[in-house]
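Colleague: Structure for the following, please:
(one chain, ligands or ions: 1)
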Amino acid sequence: MTYEFLKTEKQEKTLIVTISRPSALNALNLALIKELDALIDHIKEDDSIYSVIFTGEGKSFVAGADIGEMSVLNGMEGKAWGEFGLKVFRKLETLPQPTIAAVNGFALGGGCELAMACDIRIASDKAKFGQPEVGLGITPGFGGTQRLAKLVGVAKAKEIIFTATMITAAEAVSIGLVNKVTTPEILLEEALTMAAQINRNGQIAVRLSKRAIDAGLETDIETGGAIEAAMFGLCFSTEDQKEAMRAFLNKEAPTFKNK
Ligand code: DAK
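Modeller: This next block holds a predicted model:
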């Protein structure tokens, strides 16, 4: 598949997706969001992809939704545009494969929301995060009011959204918005190392763990526990569980077939 605004490269079992619209700091216009939608559909169906890394070309990860494009929307168009974007971000969040945002620079508005729709965030020490929407007279619209509060707590999310100020990668890691911070030079390498650590495990178990964690966040502890028990039980119907436990008992490395 070829895209105008996305570059893809497969390294072993990891797909690296580079968002590439550097003239606008990789701002998300409708065409780019449509490409993301199509790519996510493709990734979901491709079992040879175990994990996905999203990063940005140039000095920005994604500097938000495209302000020029948004500025001329009327109410109904704004609603349709927002609903489509929300759907794509939700699709990304619910991809079966683990996703890592390798945040190389500005992650603002829709860019911060894109990073938050990924499972894990690794940031360059040059990265800046923020939700500047209220400064543009709008609310965050791609899940920012929901995911930010879950990640960093209500008070900090309100501070970031109400003040519309940017925070550094160091602050982002201190409040739990990102998992770790690296130098720009080794950002992708760090993301690939983490992806490789994920890839070497049983992928059915990885994917079921993701489902259990995410479903558990939406429910009470009893229901969450029941979901976990169901996922745990499902693992015992796989060849991978039998192979991995047999290998452990024989002091061997397992060979996962993802069956
Ligand atoms: N949209 C369009 N163009 C952008 C852009 C953006 N978000 N961000 C940067 N650019 C363009 C600039 O206009 C400039 O273009 P030229 O003038 O060269 O043609 C080029 O990228 C380089 O930017 P700067 O010259 O400004 O670069 P600097 O290094 O000086 O500054 C900056 C970098 C990131 C601090 C600055 O560009 C900036 O403040 N950008 C805007 C950041 C921002 O406010 N982002 C949030 C957008 S709002 C919704 C769904 C989603 C959303 C809302 C609602 N619904 C469901 C209703 C999401 C909203 C947003 O994301």
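Colleague: which stretches of this protein form helices?
Modeller: 30-45, 67-71, 75-93, 110-117, 144-152, 154-163, 169-174, 187-199, 203-217, 221-235, 239-249 (DSSP state H).
Colleague: And the longest one, what's buried?
Modeller: Yep, that's helix 75-93 we're talking about. Within helix 75-93, the residues scored as buried using 16 or more other Cβ atoms under 10 Å are 81-82, 85, 88-89, 91-93. The way it works is simple: take the backbone N, C-alpha and C, and place the C-beta from them, glycine included.
Colleague: Now tell me what touches stretch 216-224 from outside.
Modeller: With contacts defined as Cβ atoms under 8 Å, 6 or more residues apart in numbering, stretch 216-224 is touched by 150, 212, 215, 227-228.
Colleague: Span of that stretch from start to end?
Modeller: With Cα to Cα, to the nearest Å as the measure, stretch 216-224 spans 4 Å from end to end.
Colleague: Now it: average pLDDT?
Modeller: Here stretch 216-224 scores 95 as its mean pLDDT.
Colleague: Quick one: distance of it to the chain centre.
Modeller: With Cα atoms, centre = their mean, to the nearest Å as the basis, stretch 216-224 stands 21 Å off its chain's centre.
Colleague: So for it, what gets flagged as buried?
Modeller: Those would be 216, 224, for stretch 216-224 by 16+ other Cβ under 10 Å.
Colleague: out of the buried residues of helix 75-93, who's nearest residue 129?
Modeller: Relative to residue 129, the closest of the buried residues of helix 75-93 is residue 89; by Cβ to Cβ it sits at 16.2 Å.
Colleague: residues contacting the closest one?
Modeller: Per Cβ under 8 Å, 6+ apart, neighbours of residue 89: 113-114, 117, 142-143.
Colleague: Make CSV from those and add pLDDT to it.
Modeller: Conversion of the contacts of residue 89 to CSV gives the following (pLDDT from 0 to 100):
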residue, pLDDT
113, 97
114, 98
117, 98
142, 91
143, 90
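Colleague: In the residues you listed, find the pair that's most separated.
Modeller: Using Cβ to Cβ, the pair of the contacts of residue 89 lying farthest apart is 114 and 143, separated by 9.5 Å.
Colleague: Settle it for me: which of these two has more neighbours?
Modeller: Higher neighbour count among residue 114 and residue 143: residue 114, with 29 against 19, using other Cβ atoms under 10 Å.
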